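K.L.:
Turn this into a structure:
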Amino acid sequence: MLGLFSSIKSAVPIGKKIGAVKTEGPVALLHYRATTLIFISCCLLVTALEWVGNGANIACAMVGPDFAWVIPKRVINTYCYIQSTFIVPWIGSADGQAHPGVGNGAEVKYKAYYQWVSFLLFLQAALFYLPHLIFKYWEGGKVKNIISGLHNLVLDKDDRHSREKVLAKYLKDSLYTHNTWAVKLFFVRFLYLINVIFNLILLEIFLDWEFSKYGWQVVSLMEDDPVWRQDPMARIFPKVTKCTMQKYGPTGTIQRHDAICILPINIINEKIFVVLYFWLAAIGVITLISVVYNSMVVISPGIRNMMLRSGGAQRSQTLRKLDDISKYLQIGDWFLLYTLSKNLEPVVWSELVSEYHNLLKAGAKAKSGLGSPSSPQSGPDMDEESELGSIISQQHKQRRPSHHSHHSHGSKKTIKTDF
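P.N.:
Next comes the predicted model:
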């Protein structure tokens, strides 16, 4: 048993990878790790016939001893499994019924989906892993490539500072170029919700529109009288069914041969789909909350600033610099910086913010001319955070198109700057 499930670990990573860069959140882990692991485990479970039914996926019985059957035992078993079996609902009181699914009614309901359960579970495991592959493709390893090993412990201070300068310079030079990249990654988070809804609809169709009520019916079943209750598990996943095989007789006429079949694998199937019902319901609610939260993050700069402040060290100087910078970051720049904050140690994060802040200030002053000695804004009494804020604020005002750039009574000129 342990050998069967040990192969899952190589296919689906379990646990945290040491030294790996974290680019996805806990909701993504619930999808592509936990949910994929559950579906693959269930898929292996329904194919382990040696645990259920003594290695047989179906066992059919006809009238008389098996050596006297008109149709050989292996033939009737194979035929009924391939052609699917059916159930006949019982009409009347439940105490007169021999087995659920073997009744006296005229309506016949064929049950063939048990043949496809393992394929369906494998398909759903792949579907829950697909958004993760899309995320990795669109992310492109950007964070891992630019972080320069700073997410690992770097003891040498000079080496660490040199890497921080390279990373800060990249952040400055690539400002306002990450928006498309970030929008794609935010779309993947919305794709997780679409994937859950699609899988719920897929299960609903697969179980003949019974899945949406299945879990609650099983829960309410516990309070009913065992003698009179109608077991939804026996109705959707019958353990005892009927099968009819037609063959030519000695004179060429068609003869009908009935058999009662036992489907031991449905003992596992009924439990699996109860677990999947509540798991998908829970992960659907969690994903919906995550989508609403991420939508608020996209449209609210205040929330983005709050998240950025919580991502690293709580030094007052670092927080002031973050407040000064984050007001002017676009969504792509913010998302890249926030991802970095989740992967760096507090000390490294504080040093990176300070280096990034200094580069932005120096670049803005050089382009706007505010770094000249005659500039009143470069006096010693103004701290560097307020100075950067005024520089960036002036640049944003100058980027706006104006119909009054030139006045007849003055010699003012609009200076276009960009850091």
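K.L.:
Output the below-cut-off pLDDT ranges for the stretch 151-300 of the chain.
P.N.:
Counting by pLDDT under 70, the stretch 151-300 of the chain contains low-confidence ranges at 154-155, 222-230.
K.L.:
Which residue ranges of it form helices?
P.N.:
157-173, 179-206, 211-221, 232-236, 265-299 (DSSP state H, counting those that start in this stretch).
K.L.:
Quick check: residue 324 is in a helix.
P.N.:
Yes: per DSSP: H, G, I helix; E, B strand; the rest coil, residue 324 lies within a helix segment.
K.L.:
what number of residues lie near it?
P.N.:
Around residue 324 sit 20 other residues, with neighbours defined as other CB atoms under 10 Å. The C-beta positions use only the backbone N, C-alpha and C, and glycine is treated the same way.
K.L.:
and if you look at residue 307?
P.N.:
Applying other CB under 10 Å, we find 16 other residues in the vicinity of residue 307.
K.L.:
coming back round to it: quick one, which of the helices of the stretch 151-300 of the chain is packed in tightest?
P.N.:
helix 232-236 (a mean of 19; mean count of other CB atoms under 10 Å).
K.L.:
Touching it from outside, list them.
P.N.:
Counting by CB atoms under 8 Å, 6 or more residues apart in numbering, helix 232-236 makes contact with 100-101, 207, 210, 213-214, 217-218, 221, 270, 273-274, all of which sit outside it.
K.L.:
ok, 6 Å please
P.N.:
Defining contact as CB atoms under 6 Å, 6 or more residues apart in numbering, one finds that helix 232-236 is touched by 100, 210, 217-218, 270.
K.L.:
ok, back up a step: is it possible to get the helices of the stretch 151-300 of the chain out as a markdown table so that each row also shows distance to residue 69?
P.N.:
Below are the helices of the stretch 151-300 of the chain laid out as a markdown table (distance: least, CB to CB, whole Å):
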| stretch | distance to residue 69 |
| --- | --- |
| helix 157-173 | 77 |
| helix 179-206 | 34 |
| helix 211-221 | 36 |
| helix 232-236 | 27 |
| helix 265-299 | 23 |
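K.L.:
Residue 319 is nearest to which of those helices?
P.N.:
Across the helices of the stretch 151-300 of the chain, residue 319 has its closest neighbour in helix 157-173 (17.7 Å, CB to CB).
K.L.:
and the closest one, what does it pack onto?
P.N.:
For helix 157-173, the packing partners by 3 or more CB pairs under 6 Å, 6 or more residues apart in numbering; DSSP states H and E come out as helix 346-368.
K.L.:
Show me which of the contacts of helix 232-236 is closest to residue 278.
P.N.:
residue 218 (9.7 Å).
K.L.:
got a list of what that closest one touches?
P.N.:
In this structure, residue 218 makes contact with 232, 274, judged by CB under 6 Å, 6+ apart.
K.L.:
rerun at 7 Å
P.N.:
Contact criterion CB atoms under 7 Å, 6 or more residues apart in numbering gives 232-233, 274 as the residues in contact with residue 218.
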